[in-house]
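S.K.: mind looking at a prediction? Sequence and model below.
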Amino acid sequence: MAKATKYVSKTPDEKGVINWTEKENNIWQTLITRQLSCIEGKACDEYMLGLTKLNLPQDRVPQLDEISDVLMAETGWQCYPVPALIGFGEFFRLLSEKKFPVATFIRTEEELDYLQEPDIFHEIFGHCPLLTNKSFADYTQAYGKMGLNATHEQRVFLARLYWFTIEFGLLDTPNGLRLYGGGILSSPGETEYALNNQSVERKTFEILDVLRTPYRIDIMQPIYYMIPEVAYLDEIRKFEVEEIMAFVEKAKELGLHAPLYPAKEAS
Ligand SMILES: C[C@H](O)[C@H](O)[C@H]1CNc2nc(N)[nH]c(=O)c2N1
Ligand SMILES: N[C@@H](Cc1ccccc1)C(=O)O
Ligand SMILES: [Fe+2]
C-alpha cells in the first residue's frame, strides 16, 4: 500500500488532461525559471541535451502527453500518472514497462527549495530529460526488471541502487562534478548543496557499497555516489538479475553501513 501522503494529487480527466490552477502554473513557472539558471554548468551534458529535446513550457505545468510524445520518440518511454509515492510492486512493474511514474501534484510556495516527496516538477524536470538518453533509459528499465520478482527485503536493498544513481547520482567528470540524479536536479537547495557542501561525503560508485548504505528520503543527502559518465550505467545494466541478487545477498551478509544522519524522529 502506498504511504499516506500529505499532498493532494489531481486526477487526470478522461482524456488524460490535468486542470492545473493559475496558482499551480505560477509555481511551475517560478520553479523552472529558477532551476534553469541554477543548473547552468552543474547538470551533465546528457541532461541538458534532454532538456532541449523536451522543450518544457515555462509558464505552465506541461501535460503528461506532451512529455510522453518526446520520450516515446527518443527511447520508447512514457509518463504514467500516479498520486504520489507508490508501492514497490507497482513501481518496479511500471519501470519494467518503460512507464515512468509521475506524481500529479505540485509543491507549495513554502517548499519551493526542497520537498520530502516527489512532485510533478521533480518527476518531469528532474528525471524526464535523462529518459531521452539511451543508457539512462535502458538502465531504468533494467532496474524495474531487477525488482519484479524480488522479495520485499531484496527490494529494500535494490531501492538503494535506484536512490544513489537515478535519484541522487553524481558524475565525476574530467571537467569536475556534474549532476544527473533527478532528486538533486529538481531541488534548488540540493543542487547547490550536493556540489559545494563541504561536509557531504562523495564516494566512487561501487555496487556492494551502495547496497549497504542506508538513506532517508526526507533530508538532503549526507552522502552521494559518483560514476564517471552516464554511459557507465550500461555497466550496471549488463549484470544479470541473478548477479545483482548475489550482490544483494552479500550486502545482507556484510550488514549495513552506519547511518550518516540522525535517526528520524517517530513520525
Ligand atoms: C524503489 C525506489 O527507490 C523508491 O522506494 C520508490 C518507491 N515509490 C516511488 N513512487 C514514486 N511515485 N516515485 C518514486 O520515485 C518512488 N520510488
Ligand atoms: N527533494 C526533491 C523531491 C524528492 C523527494 C523524495 C524523493 C525524491 C525526490 C525536491 O525537492 O525536488
Ligand atoms: Fe524521483
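M.R.: On my side now, so go ahead. Ligands and ions are numbered 1, 2, ... in the order given.
S.K.: now the helix or strand containing residue 142: buried residues?
M.R.: Using DSSP states H and E, the secondary-structure element containing residue 142 is helix 134-148. Within helix 134-148, the residues that qualify as buried by neighbour count (16 or more other C-beta atoms under 10 Å) are 134-147. (C-beta placed from N, C-alpha, C; glycine too.)
S.K.: could you export the next helix or strand after it as CSV, CA atoms only?
M.R.: Past helix 134-148, heading to the C-terminal end, the next element that is a helix or strand (DSSP H and E) is helix 152-162. As requested, the backbone C-alpha atoms of helix 152-162 are provided in CSV (Å, rounded to 0.1, in the frame of the first residue of the first chain):
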residue,chain,number,x,y,z
HIS,A,152,10.4,-7.1,-0.2
GLU,A,153,13.6,-7.4,1.7
GLN,A,154,15.6,-7.6,-1.6
ARG,A,155,13.6,-4.6,-2.9
VAL,A,156,14.7,-2.6,0.1
PHE,A,157,18.3,-3.2,-0.9
LEU,A,158,17.5,-2.5,-4.6
ALA,A,159,15.9,0.8,-3.6
ARG,A,160,19.4,2.0,-2.6
LEU,A,161,20.7,1.3,-6.1
TYR,A,162,18.0,3.5,-7.6
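S.K.: pairing partners for whichever helix or strand comes after helix 152-162, with directions?
M.R.: Note on helix 152-162: by DSSP H and E, the next helix or strand toward the C-terminus is strand 170-173. The strands beside strand 170-173 in its sheet (DSSP bridges) come out as strand 176-179 (antiparallel), strand 223-227 (parallel).
S.K.: residues contacting strand 170-173, please?
M.R.: If you take C-beta atoms under 8 Å, 6 or more residues apart in numbering as the criterion, strand 170-173 is touched by 44, 177-181, 184, 194-195, 202, 204, 224-230.
S.K.: buried among those? Make that a PyMOL selection.
M.R.: Per 16+ other C-beta under 10 Å, the buried members of the contacts of strand 170-173 correspond to this PyMOL selection:
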select buried, resi 44+177+178+179+180+181+184+194+195+224+225+226+227+229+230
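S.K.: what does the stretch 51-200 of the chain have sitting close to ligand 2?
M.R.: Within reach of ligand 2 by C-beta under 6 Å from any ligand atom, the stretch 51-200 of the chain has these residues: 114-118, 122, 167, 183, 186-187.
S.K.: helices - which of these land there?
M.R.: Using DSSP state H, the subset of those located in helices is residue 183.
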